[in-house]
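> here's my sequence, what's the structure:
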Amino acid sequence: MARNLCCCRMLCLARFFPSGRNDTVFCFHLDKNFSLANNEGKSTLSHMIQQKKTTEIPKALPLWGVHSLMLVSTIIVSTSFTVGEAITHGLEPSILILIRYILAVLCFAPVLAFTHGFTLPPVRQLLGYSAISASTVGFFWCMFESLRYTTALNTSIIFCLVPGISGIYSALFLRERLGLNRLLALLFGMIGALWVIFQGDIHRFLALDINYGDLIFLAGCFLMAAYTPLVKKTHRQESMVIMTFWVLLTGVGWLLILSLPKLNSVDWRGVETQVWVGIIYLAVFSTLITFYLTHISTLYLGPTRVMAYSYFYPVFVLLIDWLYGHGLPPAITFPGIAIVTLATVVMQREAKTT
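Numbering: from 1, shown residues only. Okay, the predicted model is just below:
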């Protein structure tokens, strides 16, 4: 009788506290004054707690599946450059991004309600989600603001710094070991991306002027580089559906602060249909789907490997332009494409699932 009572008390403690890496250890620590009469009680308790944990943690994805998700995400993000360029003058940047986030939240809310219900996360998690959304919202605002003073070409070049900055963040705050091979891959990936952007012309690279808009976008890149390390740091084994929803919702909060003074001055009837279609595309594909895929992939590959996929952006943009009938890229860009591909492959070596 005493043995069964002790086991029940331990199981209640394990069920009462939220799941996490130290649940079992914490429960055993609280119950250190109790004793299990024999090994049978220990094995039963261990089995039931382990069963509880395995039902809450999703099955591991194969690495080829994770890389496939990142390729899909990279292609979608690459299309957003073309869409964003077409609608950027239709609305003030902060308002355009606000509508984009609101639509994404409205699309994702039924998924959350159906799969997990709606519960307010703990304050610590909510602060983590707010930090993640602040990095993305800040980046998008800096991007649209910088384009008032600089060119898309300049911003594309500066964005190549993001994987390297993200790697530094991961090494400092997550103690992620990059190693010599991955450091060299980051360097050559940047060189390959610059090669593609400038089509192998050193004179075009040397003619790059640093201006006020470039500095604004550089600040945005430092914010964006923190995105995947923050995802890795904040995640506490909750579903990616929950994390994605709250990142989007807290992002709406940041955008309301940015755009609230300008909402009354918007001529909503004068907004073109093309702008609305573009916003819907960016909300569903470039925001909702890519956020979800990136969150999942970061847990498996780590922040630096995920960010390394951004080296493919210039390559996919060239391919998208070709599909739109703008012709194939010059043959001189092919060495840069090869370097980017090789660097990204090296960055993915020895990736481990969690």
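> contacts, neighbours, all on C-alpha from now
Fine.
> ok now stretch 261-276, how far from the chain's centre?
Its chain's C-alpha centre and that of stretch 261-276 lie 29 Å apart, by Cα atoms, centre = their mean, to the nearest Å.
> give me the pLDDT for the residue most central in space within the chain.
Taking Cα atoms, centre = their mean, the centroid of the chain lies closest to residue 294, which sits 4.3 Å from it. Reported pLDDT at residue 294 in the predicted model: 85.
> give me the helices and strands touching whichever strand or helix holds it, please.
According to DSSP states H and E, residue 294 maps onto helix 290-301. Contact analysis of helix 290-301 by 3 or more Cα pairs under 8 Å, 6 or more residues apart in numbering; DSSP states H and E lists helix 63-87, helix 227-234, helix 240-259, helix 303-308 as its packing neighbours.
> what about that helix, distance to the chain center?
For helix 290-301, the distance to the chain centre is 6 Å (Cα atoms, centre = their mean).
> residues in contact with residue 220?
138-143 (Cα atoms under 8 Å, 6 or more residues apart in numbering).
> which element is it on?
helix 212-225.
> between helix 227-234 and that helix, find me the angle.
30 degrees (axes from the mean of the first three to the mean of the last three Cα atoms, to 10 degrees).
> just to revisit the earlier point, what angle separates the helix holding residue 294 from helix 240-259?
Using the same axes, to 10 degrees: helix 290-301 against helix 240-259 is 130 degrees.
> which SSE is residue 175 in?
Going by DSSP H and E, residue 175 is not part of any helix or strand.
> residues in contact with it?
By Cα under 8 Å, 6+ apart, the contact list for residue 175 is empty.
> check it and give its pLDDT.
On the pLDDT scale, residue 175 is placed at 77.
> how far away is it from residue 302?
Distance, residue 175 to residue 302, by Cα to Cα, to the nearest Å: 11 Å.
> same check on residue 289?
Per Cα to Cα, residue 289 is found 19 Å from residue 302.
> same check, this time on residue 67
Counting by Cα to Cα, the gap from residue 67 to residue 302 is 12 Å.
> of those two, which one has the most company?
Per other Cα atoms under 10 Å, whichever of residue 67 and residue 302 has more neighbours is residue 302, with 24 against 18.
> the more buried one against residue 231, yeah?
No: judged on Cα atoms under 8 Å, residue 302 makes no contact with residue 231 at a distance of 9.5 Å.
> pick out the most distant pair among the contacts of residue 220.
Greatest spatial distance among those (Cα to Cα): 138 and 143, at 8.5 Å.
> picking up where we left off before, what's the closest of the helices and strands packed on helix 290-301 to residue 167?
It's helix 303-308; of the helices and strands packed on helix 290-301, that one is closest to residue 167 (Cα to Cα) at 4.9 Å.
> next, the angle helix 63-87 makes with the very next helix or strand once past that closest one.
Moving toward the C-terminus from helix 303-308, the next helix or strand (DSSP H and E) is helix 313-321. Here helix 313-321 runs at 70 degrees with respect to helix 63-87, directions being taken by the same axes, to 10 degrees.
> after helix 313-321, which helix or strand is next?
helix 334-347.
> just checking, what packs against that next one?
Partner elements for helix 334-347 (3+ Cα pairs under 8 Å, 6+ apart): helix 179-198, helix 303-308.
> for the helix or strand hosting residue 132, list the C-alpha coordinates in PDB.
In this structure, residue 132 sits in helix 123-146 according to DSSP H and E. Output in PDB follows, covering the C-alpha atoms of helix 123-146 (Å, rounded to 0.1, in the frame of the first residue of the first chain):
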ATOM      1  CA  VAL A 123       5.600  35.400 -19.400                       C
ATOM      2  CA  ARG A 124       9.100  34.200 -20.100                       C
ATOM      3  CA  GLN A 125       8.000  32.400 -23.300                       C
ATOM      4  CA  LEU A 126       6.000  35.400 -24.400                       C
ATOM      5  CA  LEU A 127       9.000  37.600 -24.000                       C
ATOM      6  CA  GLY A 128      11.000  35.200 -26.100                       C
ATOM      7  CA  TYR A 129       8.400  35.200 -28.800                       C
ATOM      8  CA  SER A 130       8.400  39.000 -28.700                       C
ATOM      9  CA  ALA A 131      12.200  39.100 -29.100                       C
ATOM     10  CA  ILE A 132      11.900  36.800 -32.200                       C
ATOM     11  CA  SER A 133       9.200  39.000 -33.800                       C
ATOM     12  CA  ALA A 134      11.100  42.200 -33.000                       C
ATOM     13  CA  SER A 135      14.100  40.900 -35.000                       C
ATOM     14  CA  THR A 136      12.000  40.200 -38.100                       C
ATOM     15  CA  VAL A 137       9.700  43.300 -37.800                       C
ATOM     16  CA  GLY A 138      12.800  45.400 -37.400                       C
ATOM     17  CA  PHE A 139      14.500  43.900 -40.400                       C
ATOM     18  CA  PHE A 140      11.400  44.300 -42.700                       C
ATOM     19  CA  TRP A 141      11.000  48.000 -41.600                       C
ATOM     20  CA  CYS A 142      14.700  48.700 -42.200                       C
ATOM     21  CA  MET A 143      14.500  47.000 -45.600                       C
ATOM     22  CA  PHE A 144      11.600  49.100 -46.900                       C
ATOM     23  CA  GLU A 145      12.900  52.300 -45.200                       C
ATOM     24  CA  SER A 146      16.400  51.800 -46.700                       C
END
